[in-house]
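Q: Compute the structure for the input listed below.
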Amino acid sequence: MSTRARILEVAAGLVAESPDGDISTRAVCEGAQVGAPALYRHFGDKEGLLSAVVDHGFDAYLATKRERGDTGDPVEDLRNGWDSHVEFALRNPNLYRLMNSPAMRTPPASAIESHRILTRDLERAAEQGKLRVTPEVAAQMIMSATTGVALMLVARPATFTDVGTSARVRDAVHAAVFTPDAWTSKPVDTEVPSAAARLSALLRRSQGSGLSTAESALMTEWLDRVSNA
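A: Okay, here's the model as predicted:
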C-alpha cells in the first residue's frame with residue numbers, strides 16, 4: 001500500500017470513529033506511521049486531507065451511478081438516486097456531515113460529480129417532456145432537499161425518527177419538479193389525509209372533546225396515522 005493510501009485509510013477510520021467527525025493531523029500521522037511533511041506533501045493541508053477522505057469514501061457510492069446504464073425512465077432513476085443518497089448518509093454519518101460542512105471551503109470532487117450525474121438524469125427527463133422547470137433549477141431543488149433531509153436524519157436522529165420522512169419530502173419535491181403524469185401513475189387523494197390532519201389539530205387544542213385522556217391520545221394516534229399515510 002502506498003503512503004498516500006495508508007494515510008487516507010487511517011484518516012477515514014478516524015473520521016468514522018470520531019464522536020464529532022473531527023480528526024487531528026497528528027493522530028493521522030501517528031496511525032499511518034508517517035511524519036507531518038509526508039502528509040502535507042500528499043494533501044497540502046488538513047482541508048485537502050479531509051476533502052480526499054470524502055472523495056475516497058464517496059467513491060464506492062458514485063461507482064454504482066457511473067456504471068449504471070441509463071434506463072428508459074429517468075424519473076424512476078431519480079427516485080432511486082434520492083433513496084440511495086439518503087441511505088449512504090445514514091450508513092456514513094460522519095463522512096456525510098464532513099462532505100457538507102461549511103468548513104470545507106472547496107467542494108470535494110465527489111460532490112461536484114454527484115451534482116453532474118443528477119443534472120444528466122434531469123436532462124433526460126426534460127428531453128421526454130417530464131420537467132416543469134429547467135434541469136439546472138430542478139437539480140438545485142432536488143440536491144438541496146436531498147441534502148437537507150439526509151443531514152437532519154443524520155444530525156437530529158432523536159427528532160427525525162420517522163423513516164418515511166425522506167420519501168414524503170422526495171415525493172413533494174418531485175411533484176414540484178416533474179409534470180403530473182411523470183412522477184405518479186395513480187391519482188393522489190388528499191381529502192382524507194387533510195381532514196384527518198385538521199381534526200387531529202383541533203383535538204389537540206380542544207379542552208372539551210368529551211374523550212378521556214387515554215381516548216384522546218388513541219384518537220390522535222389514529223388521526224396522525226391517517227394523515228401521514
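
Q: How far off centre is stretch 172-183?
A: Stretch 172-183 sits 19 Å away from the centroid of its parent chain (C-alpha atoms, centre = their mean, to the nearest Å).

Q: Show me how the record splits this structure into domains.
A: Listed by automatic domain parsing, the domain ranges of the chain are 1-44, 52-183, 191-227.

Q: Need the ones you listed in a markdown table (columns: mean pLDDT and mean neighbour count).
A: Every C-beta, even on glycine, is put in place using the N, C-alpha and C of the backbone. Shown next, in a markdown table, are those (pLDDT from 0 to 100; neighbours: other C-beta atoms under 10 Å):
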| stretch | mean pLDDT | mean neighbour count |
| --- | --- | --- |
| domain 1-44 | 87 | 16 |
| domain 52-183 | 86 | 16 |
| domain 191-227 | 75 | 12 |
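
Q: All the helices of this protein, residue numbers only.
A: 3-17, 25-32, 36-43, 46-67, 74-91, 93-99, 109-127, 135-155, 165-177, 180-183, 191-205, 213-227 (DSSP state H).

Q: Residue 143 against residue 119, yeah?
A: No. Counting by C-beta atoms under 8 Å, residue 143 stays clear of residue 119, with 9.1 Å between them.

Q: How about the contacts made by the residue nearest to residue 115 when sequence neighbours are not counted?
A: The spatially closest residue to residue 115, leaving aside those adjacent along the chain, is residue 143, at 5.9 Å (C-beta to C-beta, 6 or more residues apart in numbering). Listed by C-beta atoms under 8 Å, 6 or more residues apart in numbering, the contact set of residue 143 reads 114-115, 118.

Q: so which of these comes closest to residue 170?
A: Of all the contacts of residue 143, residue 118 has the smallest distance to residue 170: 13.1 Å, by C-beta to C-beta.

Q: Who are the contact partners of the closest residue to the closest one other than its chain neighbours?
A: Residue nearest to residue 118 in three dimensions, not counting chain neighbours: residue 139, with 5.1 Å by C-beta to C-beta, 6+ apart. For residue 139, the contacting residues are 115, 118-119, 122, by C-beta under 8 Å, 6+ apart.

Q: Dump those residues to TSV, plus distance to residue 9.
A: Output for the contacts of residue 139, formatted as TSV (distance: C-beta to C-beta, whole Å):
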residue	distance to residue 9
115	27
118	29
119	32
122	35
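
Q: Could you report the distance from residue 226 to residue 171?
A: 17 Å (C-beta to C-beta, to the nearest Å).

Q: again, but for residue 179
A: 14 Å.

Q: Residues touching stretch 95-106, excluding its own?
A: So stretch 95-106 is contacted by 12, 15-16, 21, 47, 50-51, 53-54, 57-58, 88-89, 108, 110-111, 147, 150-151, 154-155 (C-beta under 8 Å, 6+ apart).
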